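Asker: Take a look and give me a structure for this.
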Amino acid sequence: MSESLPVIGLIAGGRQFPVLVAQGVKQAGHTLVVACFEGHSNLDVLSYADAYEVLKLGKLSKLLAFFKRHGVEDVVMAGTIDKPRIMDVRHFDMRALKVIFKNKNKGDSNLLGALTHELEQEGMRVVPPHQHVPQLLTPEGVLTKRAPSEREMNDLRLGWSIGKELGRLDIGQCLVLREGIVSAVEALEGTDEAIRRGCQLGGDECVVVKVFKPGQEERVDLPSAGIETVQVMAEGKATCLGIEANRSLLFDRDETVAEADRLGISIVGMCFPESS
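Answerer: Prediction:
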């Protein structure tokens, strides 16, 4: 391996994203050092690691020491962590507690920004995960065979505007609406449960919108969707998904679009003015 390539430290959460990032990192020839969390992480990622450690969530000092011991230069965060369990701080070390409690706003963006700061204080550089998997970025435009109806497009525009305003307050990345009425905003429950709740309250033919929060750290926690998203939408008879183009991740794009086509769901990579 070329000595010019930085050693990559991967902070791995759940689902498939950490594995995809690990594959991209190794294909590029980097040494990969992986930190996982008991009960949270997809341990399939460990098969790509040159070194790894499985930690209890909240052991920030151990994580930093592990990365420094293995010469990590660039850090990537990928994967989901169950937010309610993050707030169970009984096993957190003092450094992690300091990060949690010095932030009055404990929204995802604030906490991830604080973690980024801690890593940078130790001389490591946090880089965006999509740097290693650029093919996951959502392209702009209608991705499915069916384009949105006029009503759905109106809801997409409104959802974009509302989502951006909510994002300024560091509240969720997803909302559900129908004919201009919002039926759910993502909170602690996550995207899938927000969609289920929104469809139950809003009825058939709801529109789901996921946007990047204004001021959000682009190196961590981009909005994302995939096959499971459209399947959950179909359960609730939602008919259109709008996800911000170039600032979100669409997993298994070909398979996701094919499934959406089968289910009659329209998917749009959105790019409206911030004031839309």
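Asker: From here on, just use CA atoms for contacts and neighbour counts.
Answerer: Noted.
Asker: what ranges of the stretch 101-250 of the chain fall below the confidence cut-off?
Answerer: 103-110 (pLDDT under 70).
Asker: quick one: the strands in it?
Answerer: Assigned by DSSP state E, counting those that start in this stretch, the stretch 101-250 of the chain shows strands spanning 125-126, 141-142, 174-178, 181-185, 207-210, 224-225, 240-244, 249-250.
Asker: now the helices: where do they sit in the chain?
Answerer: 17-27, 60-69, 83-86, 94-101, 108-121, 150-168, 191-202, 227-235, 253-263 (DSSP state H).
Asker: still on that earlier bit, pick the most buried one from the strands of the stretch 101-250 of the chain.
Answerer: strand 207-210 (a mean of 30; mean count of other C-alpha atoms under 10 Å).
Asker: now for it, which elements pack on it?
Answerer: Under the contact criterion of 3 or more C-alpha pairs under 8 Å, 6 or more residues apart in numbering; DSSP states H and E, strand 207-210 touches helix 150-168, strand 174-178, strand 240-244.
Asker: what would these look like in JSON lines with distance to Val127?
Answerer: Converted to JSON lines, those look like this (distance: least, C-alpha to C-alpha, whole Å):
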{"stretch": "helix 150-168", "distance to Val127": "22"}
{"stretch": "strand 174-178", "distance to Val127": "24"}
{"stretch": "strand 240-244", "distance to Val127": "20"}
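Asker: coming back round to it: and the helices of the chain: which comes nearest Val209?
Answerer: helix 150-168 (5.9 Å; C-alpha to C-alpha).
Asker: CA atoms only: put that closest one into CSV for me.
Answerer: Extracted C-alpha coordinates of helix 150-168, given in CSV (Å, rounded to 0.1, in the frame of the first residue of the first chain):
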residue,chain,number,x,y,z
GLU,A,150,-49.2,18.1,-9.6
ARG,A,151,-50.6,17.6,-6.1
GLU,A,152,-47.6,15.5,-5.1
MET,A,153,-45.2,18.1,-6.6
ASN,A,154,-46.9,20.8,-4.6
ASP,A,155,-46.5,18.8,-1.4
LEU,A,156,-42.8,18.2,-2.3
ARG,A,157,-42.2,21.9,-2.6
LEU,A,158,-44.0,22.6,0.7
GLY,A,159,-42.3,19.7,2.4
TRP,A,160,-39.0,21.1,1.3
SER,A,161,-39.7,24.5,2.8
ILE,A,162,-41.0,23.1,6.1
GLY,A,163,-38.2,20.6,6.3
LYS,A,164,-35.6,23.3,5.9
GLU,A,165,-37.2,25.4,8.6
LEU,A,166,-37.4,22.4,11.0
GLY,A,167,-33.8,21.6,10.1
ARG,A,168,-32.6,25.0,11.3
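Asker: what's next to stretch 149-162, contact-wise?
Answerer: Outside of stretch 149-162, the residues within contact range by C-alpha atoms under 8 Å, 6 or more residues apart in numbering are 175-180, 207-211, 240, 242, 272, 274-276.
Asker: residues near Gly29, how many?
Answerer: Using other C-alpha atoms under 10 Å as the criterion, Gly29 is surrounded by 13 other residues.
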